[in-house]
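Novice: I would like the atomic coordinates for the input below:
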Amino acid sequence: MAMAAMDARKKKSGGGGGGEPLLGKYELGRMLGRGTFAKVYLARAVAGGEAVAVKVIDKAEVMGTAGMAPRVLREVAAMRRLRHPHVLRLHEVLATRARIYLVMELATGGDLLSRLAALPRRRLPESGARRVFVQLVDALSYCHARGVAHRDVKPQNVLLDGDGNLKVSDFGLAALPDTLRDDGRLHTACGTPAYAAPEVLRRRAYDGAKADAWSCGVILFVLLAGHLPFDDSNIADMCRKAHRREYELPRWVSQPARRLVSRLLDPNPDTRVAVESLAAHHPWFKRSLSVDSQLDGLLNGEPERAVAFQAAPPPPLNAFDIISMSPGLDLSGLFGEHDKSLREKRFTTTASPEKTLEQLGLAGGKLGYVVVVGKKGVECLPLAGGRLSSGIAAMSVEMSEVAPPLLLVELRLEVAAGDVDGGDGEVKGFGWEQLRMELGDVVRAWHSCEDLCEI
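Specialist: Numbers count the residues shown, from 1 in each chain. The predicted model follows:
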């Protein structure tokens, strides 16, 4: 009965296929939305029953419209590069003679604009805005590290899953490395004017990542104020207002948030802050949500965390690297590092770098840190401007490839003098064993040089 109902909805909505599963793999259901050249349907996998979204693109319409075919190819190429918790995932691409089907992750919470419109003041409390913005910056930092500039960042393209977590979507205007001209810049003016950077509106050469940073600034303003900073039907006038920074944030917005908006809505792209540096350096990102845990129903109230992934694959280890890790060849004592074994731990894993860092980030909710990318690389920094525990200022994370898919992960604490306890292999206030338990099955072997030498 349920199958018949789904088939009936599919025929009525124009999904095609005469009731048969799409290429024998997906049962199309009701229409979720439509665009100029595409329709999006709810669907369910025949094998396993997983709910997905299927974007159906008409080949004839796309091929008959200038510039649309490259846009579809760009969207597919960009999404295939990206695997991140806050980027909408492309599962697979199917095609027939008449249509292209993009099978994507289903975001059941709608888009951010609709969610804001449903709120009484069309804005979030600052605590809620921070959590939303942290996830957005996390996603875009990941995209930029992989050579993808979104170029159409706006609330309509930020979806929410059933738990209220963000999913950046619609990469049809995305720029890839092969899009750059000889000057290393982009030259195509695109995007939505109210969210586009001034240099894009003025049709000048621009940096795609810096243009995304401006769009993030507009979104942050909307989250805090409930309206656009520059809203004018005349694009030239809107651009002039942007260059003069003619916007006004409500009085209830904190000074750190105001400074962040100002650094993002900088009309000069050379001095505009990059989203990649925010989590590591801006104090608004480092503030704990321990007193701001309620998000007024928009999100699920989990503690704030900023998990950022490495921009490049871990470097391979050679035989000399592995041998030098043997305790018998550790020369650190010659340089006064007698407590090195208490401050450093290693483990091997077959999980991906992204999965490993994600699990480290989840552990941070219990151990008191966030995982960020700074000048020193990947680090675990304390919440609330405090310390991971007594005397511990930070923990660095380094990954190296031993032999695919085996990775070596090295954790190193930066400890203040006098905070090493020589009795139980622990640094005062920090339990390595607790961290090991929180990492779960990500850890294959904990601090075992012998395992490495046997590989």
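
Novice: shaky segments in the chain?
Specialist: Of all residues in the chain, those with pLDDT under 70 make up the ranges 1-19, 279-281, 286-342, 365, 370, 372-377, 381-393, 403, 415-430, 447-455.

Novice: show me how it divides into domains.
Specialist: 2-105, 112-286, 319-454 (automatic domain parsing).

Novice: please compute how far the helix or strand hosting Val76 lies from its chain's middle.
Specialist: Element membership of Val76 [criterion: DSSP states H and E] is helix 68-81. Offset of helix 68-81 from its chain centre (Cα atoms, centre = their mean, to the nearest Å): 19 Å.

Novice: can you list the neighbours in contact with the very next helix or strand once past that helix?
Specialist: Downstream of helix 68-81, the first helix or strand assigned by DSSP H and E is strand 90-95. Contacts to strand 90-95, defined as Cβ atoms under 8 Å, 6 or more residues apart in numbering, come from residues 22-23, 25, 52, 59, 76, 79-80, 100-105. C-beta coordinates here come from the backbone N, C-alpha and C atoms, glycine included.

Novice: 6 Å instead?
Specialist: Contacts to strand 90-95, defined as Cβ atoms under 6 Å, 6 or more residues apart in numbering, come from residues Leu23, Val76, Met79, Tyr101, Leu102, Val103, Met104.

Novice: same deal with stretch 345-354?
Specialist: Applying Cβ under 6 Å, 6+ apart, the contact partners of stretch 345-354 are 309-310, 356, 399, 405-411, 432, 442-447.

Novice: grab the longest strand from the chain for me.
Specialist: strand 392-403 (DSSP state E).

Novice: rebuild the domains of the chain as TSV, extending it with mean neighbour count.
Specialist: Shown next, in TSV, are these (neighbours: other Cβ atoms under 10 Å):
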stretch	mean neighbour count
domain 2-105	16
domain 112-286	19
domain 319-454	16
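
Novice: residue closest to the middle of the protein?
Specialist: Ala139 (1.9 Å; Cα atoms, centre = their mean).

Novice: which SS class is that one?
Specialist: helix (DSSP: H, G, I helix; E, B strand; the rest coil).

Novice: OK, contacts around it?
Specialist: By Cβ under 6 Å, 6+ apart, the contact list for Ala139 reads His84, His86, Val87, Val168.

Novice: not counting sequence-adjacent ones, nearest residue to it?
Specialist: His86 (3.8 Å; Cβ to Cβ, 6 or more residues apart in numbering).

Novice: just the contacts of strand 90-95 now: which is nearest Gly208?
Specialist: Within the contacts of strand 90-95, distances to Gly208 taken as Cβ to Cβ reach their minimum at Met79, with 16.2 Å.

Novice: what's the distance between that closest one and Ile219?
Specialist: Distance, Met79 to Ile219, by Cβ to Cβ, to the nearest Å: 21 Å.
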